[in-house]
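Novice: Sequence and computational prediction follow.
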Amino acid sequence: NFIFFSLIIFLCALYRPGWAFLILIGMLPYEIINLAPANFGITIRPYQWLLVLILMALVVRFIFQRFPIQKLVPNYWDVLLIVFGISSLFSALASTDRSASLKLSIILFSFILLYFLSRLFVRSLDDVLMVLPFLFSSFLVIACYAILQNILFAHGLESWEVMVGRPNATFAEADWLGGYLAIILTAIS
């Protein structure tokens, strides 16, 4: 199933990478969902899965000259992020706990790739206005799930919280949910 759906999403990203990017934006807060099969031995978050598939689709489009590379003009911040990512990799290799450090470097690298995808697809106010419904619809789902967790906990039912009495929705910790809600609510107001 994982390979089948990966192929379907890859073909969709190949056909419309901008649409796939919008779905990726909507999937960012779904942090505790693991899409990898149990025998993989790793966890793959929905945004990481979509990120890899979109990047693969963009590479194929670039090979067939259907991707204008001149859209991505590097700037000072891009160079700083690349240096930061490379230095993270070198420090992970020099770490006493290499496996944990490499895991964190890969997570950091995925966010650096997300930054570059955002730079590629969000270039104007119209692009920002196109992204907002995906951000807010995801926010609505997560806020409703957190409220449902509170209601279930108040009635003594199973609420699927990581810490008793503290809703976490789709995040690993309740603090992450609070930070996410604060950022989105600040953006709305």
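Specialist: Great, that's in hand.

Novice: For stretch 151-171, could you pull out the residues that count as buried?
Specialist: By 16 or more other C-beta atoms under 10 Å, the buried positions in stretch 151-171 come out as 153, 159, 161, 166, 167, 168, 169, 170, 171. Backbone N, C-alpha and C define where each C-beta goes, glycine included.

Novice: so how far is stretch 96-114 off the chain centroid?
Specialist: Relative to the chain's own centre, stretch 96-114 is displaced by 14 Å; criterion: C-alpha atoms, centre = their mean, to the nearest Å.

Novice: send the alpha carbons of that stretch over as PDB?
Specialist: Taking C-alpha atoms only, stretch 96-114 is exported to PDB below (Å, rounded to 0.1, in the frame of the first residue of the first chain):
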ATOM      1  CA  THR A  96      29.400  10.700  20.400                       C
ATOM      2  CA  ASP A  97      25.800   9.600  19.600                       C
ATOM      3  CA  ARG A  98      26.000   9.500  15.800                       C
ATOM      4  CA  SER A  99      22.700   7.800  15.200                       C
ATOM      5  CA  ALA A 100      20.600  10.300  17.200                       C
ATOM      6  CA  SER A 101      22.600  13.200  15.800                       C
ATOM      7  CA  LEU A 102      22.200  12.100  12.200                       C
ATOM      8  CA  LYS A 103      18.400  11.600  12.800                       C
ATOM      9  CA  LEU A 104      18.200  15.200  14.000                       C
ATOM     10  CA  SER A 105      20.300  16.400  11.100                       C
ATOM     11  CA  ILE A 106      17.900  14.700   8.700                       C
ATOM     12  CA  ILE A 107      14.900  16.300  10.300                       C
ATOM     13  CA  LEU A 108      16.700  19.700  10.100                       C
ATOM     14  CA  PHE A 109      17.500  19.000   6.500                       C
ATOM     15  CA  SER A 110      13.800  18.200   5.700                       C
ATOM     16  CA  PHE A 111      12.900  21.600   7.100                       C
ATOM     17  CA  ILE A 112      15.600  23.300   5.000                       C
ATOM     18  CA  LEU A 113      14.200  21.600   1.900                       C
ATOM     19  CA  LEU A 114      10.700  22.800   3.000                       C
END
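
Novice: For that stretch, which outside residues touch it?
Specialist: Under the contact criterion C-beta atoms under 8 Å, 6 or more residues apart in numbering, stretch 96-114 has outside partners 24, 47-48, 51, 55, 81-82, 84-85, 88-89, 91-93, 95.

Novice: again, 6 Å this time
Specialist: Residues outside stretch 96-114 that contact it (C-beta atoms under 6 Å, 6 or more residues apart in numbering): 48, 51, 81, 85, 88, 89, 92, 95.

Novice: ok, now stretch 2-13?
Specialist: Residues outside stretch 2-13 that contact it (C-beta under 6 Å, 6+ apart): 20, 37, 53, 54, 57.
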